[in-house]
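Trainee: predicted model and sequence below, questions to follow.
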Amino acid sequence: MNKRLISMVMALTFALTCSAAGAETIKHERVYVVAGADGNIESLTDNIRLENADKLEEITDATKLTDIENVSGHETFTLDGETLIWQANGNDITYQGTSEEKIAAVPVVKIMLDGAEVTAEELSRKSGHAEIEVSFDTDGETPCVAVVALPLGDGISDVSVENGKVITESGSQVLVGFAVAGVDEKVEMPTVIRAEFEAENADLDWMMTFVTSEPMSAAMDLVKEKLDIEDEFQLDDIRTLLTALRDGTEAPEMEGEAGEIVTKLTEIKTGIGDLNDVAQSLADGAASAKDGADSLSSGLSQITANNDALNQGASAIFDAILSTANEQLASAGLEALGIEVPTLTAENYSETMDALIAATDPETVKASLRPQVEGVVRPQVEARRSEVEAAVTEAVKAQVLEAVLQGAGLDLTAEQYVAAVSAGQVTAEQAQQIEAAVTAQVADESVQAQITAATDEQIEQLVSENTDAAMEENETVTEAVARVTTASEALKALKDQLDQVNTFVTGVSDYTAGVTQAAEGAVTLASGLGDLSDGAKKLHDEGTQTLSDTLETEIKEKAGEALEWLDGDVKEWTDLIENTEDAVENAKGYDLIADGMSGQTVYIIRTDLK
């Protein structure tokens, strides 16, 4: 997982832990943990920042950590038992240490492949249907939220996730999920994260988990606000109301939520009477609407009768224009340029025209004519081969001469040597020896091969240069390029015209198809309105009294069930909320927190799967 995605997940987690605070010292804990897939902790570092809002000279902290080290400055401390005193000098303090205390929650990863448990290492060497489950081993005291980010490497496809989703970031897939660990199972919040996928040598290397109890505190405040049943709903009044409903007696006047329920029940009974009148109106209206739908269906049927004629007419127009286009192409003289011109049809015109436009590209034509021009130039250049070879040989002899001079201890260029011989500075015997050495080396097979290769290279260069010049001056080439340039522009214009006609033909086809669909829909609409009219009449004739009787029976039954629920499940839930609230309020940080100091703790856990 790249750094950007890690930052996004961490920012989300830390944002959940942020809360406004006054001028006080806050203990921010970031507990960095490395663990195995089985939940065993391999290393732990608790990084603590003491936020010194009051700019205290001395901060008294409490800790069980060992190997304590100041990592933000040079402030000193003294440790007496569990009392840690920092000479803060008005600064924030950031320090770290370690401990063997159990953390709030550590992820445990279980991987299954085709029903058998495997390790991540074994999964990387096999293929099949894989399942992965992330559960949490908790300290049993601290309800907390866990956010998991698991990079999905190569060999993983068709992923489905429970309590999470797969995010694609910079071309990589990451499974991001969440769970709530350490809460009573009756709360029915997600406590595990599961995923299924198809694996083929799947790569699962590591996982990051962010754990904190801070969001639970905010959640419980919201629950208390929304579910303050005793104060807001007035349970005694609710019991009185439910008893009256169960026994069929008149409900007393009440205030608050209970009074609103009585009002709503009265409105329901009144509404049932109104429903009878509405049902009659609905039946009459549906019958009238059906007559209109029948008329619409008849009109659309008449329109669709002309669909074939419209489509055939449009096709005939297109065929006529294609015929004219074929005549224009036949008289364009493209065959003289070696370009085959197939017959255009409605199906192939676009592809064929694109091919003709490409074939008449001036550069393409010039390239096709070049071999002919080169065929004239090459014999002329080849006729000068002996001249070229002589020049190459002289150049090679000059190079060989300089090499021989260097070997003889004479630091001279070929030109300097010739001048020295002419000036009598080189003896006849030396000159004879040097000449013999040069002649012998030039006669060597490897040197002769170099002369031949260099001569061939010069010949090819002359052929290319002379061909370029001849192409510019050749009237046949110039005329051909001019012709294809004109032809190319004409072909492009012709294709634009054909495209416009094809768009018209397609539009006619779409129109007739739409009319047909509308006609079919009108038939369905008329049928549906007939059913609606019959149903509304039946509702009016038979339904309203039955509804009234059924409602009365249901109210009595449900009121009785609600009374049982109020004295059973509601009490169980209020107790559960209170217990969870107590657990959240008593949630402790990983390290000790001194009196008068608040704390926020986030666990950042790397799980090595291999």
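Mentor: Good, I have the coordinates. Numbering: from 1, shown residues only.

Trainee: any weak-confidence spans in the stretch 501-610 of the chain?
Mentor: For the stretch 501-610 of the chain, the stretches flagged by pLDDT under 70 are 504, 508, 511, 515, 518-519, 522, 525-526, 528-552, 554-556, 558-587.

Trainee: same thing with the stretch 151-300 of the chain?
Mentor: Checking the stretch 151-300 of the chain against pLDDT under 70 turns up 187, 217-237, 241-242, 251-252, 254-300.

Trainee: could you pull out the helices for it?
Mentor: Ranges of helices within the stretch 151-300 of the chain are 214-226, 229-232, 235-247, 256-304, based on DSSP state H, counting those that start in this stretch.

Trainee: where does the closest residue to residue 359 other than its chain neighbours land in three-state SS?
Mentor: Counting by C-beta to C-beta, 6 or more residues apart in numbering, residue 359 lies nearest to residue 339, which is 4.8 Å off, once chain neighbours are set aside. Every C-beta, even on glycine, is put in place using the N, C-alpha and C of the backbone. What DSSP: H, G, I helix; E, B strand; the rest coil gives for residue 339 is coil.

Trainee: test for you: state the pLDDT assigned to residue 339.
Mentor: At residue 339, the pLDDT value in this model is 74.

Trainee: again, but for residue 134
Mentor: 97.

Trainee: buried stuff in whichever strand or helix holds it?
Mentor: Secondary structure from DSSP states H and E places residue 134 in strand 127-138. Going by neighbour count (16 or more other C-beta atoms under 10 Å), the buried part of strand 127-138 is 130, 131, 132, 134, 135, 136, 137, 138.

Trainee: partners of that strand in the sheet?
Mentor: Note on strand 127-138: by DSSP bridges, its sheet partners are strand 105-113 (antiparallel), strand 193-200 (antiparallel).

Trainee: tell me where the stretch 401-550 of the chain has helices.
Mentor: 414-422, 428-443, 445-473, 475-538, 544-565.

Trainee: can you tell me how far the residue nearest to residue 197 when sequence neighbours are not counted is from residue 103?
Mentor: Nearest residue to residue 197, sequence neighbours excluded (C-beta to C-beta, 6+ apart): residue 159, at 4.3 Å. Residue 159 sits 29 Å away from residue 103, going by C-beta to C-beta, to the nearest Å.

Trainee: re the thing from before, can you report how many residues neighbour the residue nearest to residue 359?
Mentor: 19 (other C-beta atoms under 10 Å).

Trainee: circling back: would you agree the residue nearest to residue 197 is in contact with residue 166?
Mentor: Yes. With contact defined as C-beta atoms under 8 Å, residue 159 counts as touching residue 166 (5.2 Å).

Trainee: overlap in contacts of those two?
Mentor: 152, 173, 175 (C-beta atoms under 8 Å, 6 or more residues apart in numbering).

Trainee: which among those residues gets closest to residue 592?
Mentor: residue 175 (35.5 Å; C-beta to C-beta).

Trainee: now residue 250, nearest residue through space, not along the chain?
Mentor: Nearest to residue 250 is residue 244, by C-beta to C-beta, 6+ apart, at 6.7 Å.

Trainee: how close does that neighbour sit to residue 186?
Mentor: If you go by C-beta to C-beta, the gap between residue 244 and residue 186 works out to 31 Å.

Trainee: that older thread, quick one: closest of the strands paired with strand 127-138 to residue 43.
Mentor: Short answer: strand 105-113, nearest of those by C-beta to C-beta, at 12.5 Å.

Trainee: what's the following helix or strand past the closest one packed up against?
Mentor: Next helix or strand after strand 105-113 toward the C-terminus (DSSP H and E): strand 116-118. For strand 116-118, the packing partners by 3 or more C-beta pairs under 8 Å, 6 or more residues apart in numbering; DSSP states H and E come out as strand 105-113.

Trainee: show me what counts as buried in the strand it packs on.
Mentor: 105, 106, 107, 108, 109, 111, 112, 113.

Trainee: of the residues you listed, closest to residue 603?
Mentor: residue 105 (7.2 Å).

Trainee: for that closest one, give me its contacts.
Mentor: By C-beta under 8 Å, 6+ apart, the neighbours of residue 105 are 136, 137, 138, 139, 142, 144, 146, 181, 182, 211, 603.

Trainee: let's see 7 Å
Mentor: Residues counted as contacts of residue 105 (C-beta atoms under 7 Å, 6 or more residues apart in numbering) are 136, 137, 138, 144, 146, 181, 182, 211.

Trainee: distance check, the last one against residue 147.
Mentor: Read it as residue 211. Taking C-beta to C-beta, one finds residue 211 at 8 Å from residue 147.

Trainee: between these two, who's got more neighbours?
Mentor: Neighbour count, other C-beta under 10 Å: between residue 211 and residue 147, residue 211 has more, with 28 against 21.

Trainee: for the more buried one, give the beta-bridge partners.
Mentor: With DSSP bridges as the rule, residue 211 is bridged to residue 146, residue 603.

Trainee: that one and residue 104 touch, don't they?
Mentor: Yes. Taking C-beta atoms under 7 Å as the definition, residue 211 is a contact partner of residue 104 at 5.9 Å.

Trainee: and residue 116, how many neighbours does it have?
Mentor: 10.

Trainee: now it, which residues is it bridged with?
Mentor: Under the criterion used here (DSSP bridges), residue 116 is bridged to residue 113.

Trainee: how near is it to residue 498?
Mentor: Residue 116 sits 63 Å away from residue 498, going by C-beta to C-beta.

Trainee: CA atoms only: put stretch 389-406 into CSV for me.
Mentor: The C-alpha trace of stretch 389-406 is given here as CSV (Å, rounded to 0.1, in the frame of the first residue of the first chain):
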residue,chain,number,x,y,z
GLU,A,389,36.8,2.7,-54.1
ALA,A,390,40.1,4.5,-55.1
ALA,A,391,39.2,7.4,-52.9
VAL,A,392,38.3,5.1,-50.0
THR,A,393,41.6,3.2,-50.5
GLU,A,394,43.6,6.4,-50.4
ALA,A,395,41.9,7.4,-47.1
VAL,A,396,42.6,3.9,-45.6
LYS,A,397,46.3,4.1,-46.8
ALA,A,398,46.6,7.4,-45.0
GLN,A,399,45.3,5.9,-41.8
VAL,A,400,47.6,2.9,-42.1
LEU,A,401,50.6,5.2,-42.9
GLU,A,402,50.0,7.1,-39.7
ALA,A,403,49.8,3.9,-37.7
VAL,A,404,53.1,2.7,-39.2
LEU,A,405,54.8,6.1,-38.5
GLN,A,406,53.7,5.9,-34.8
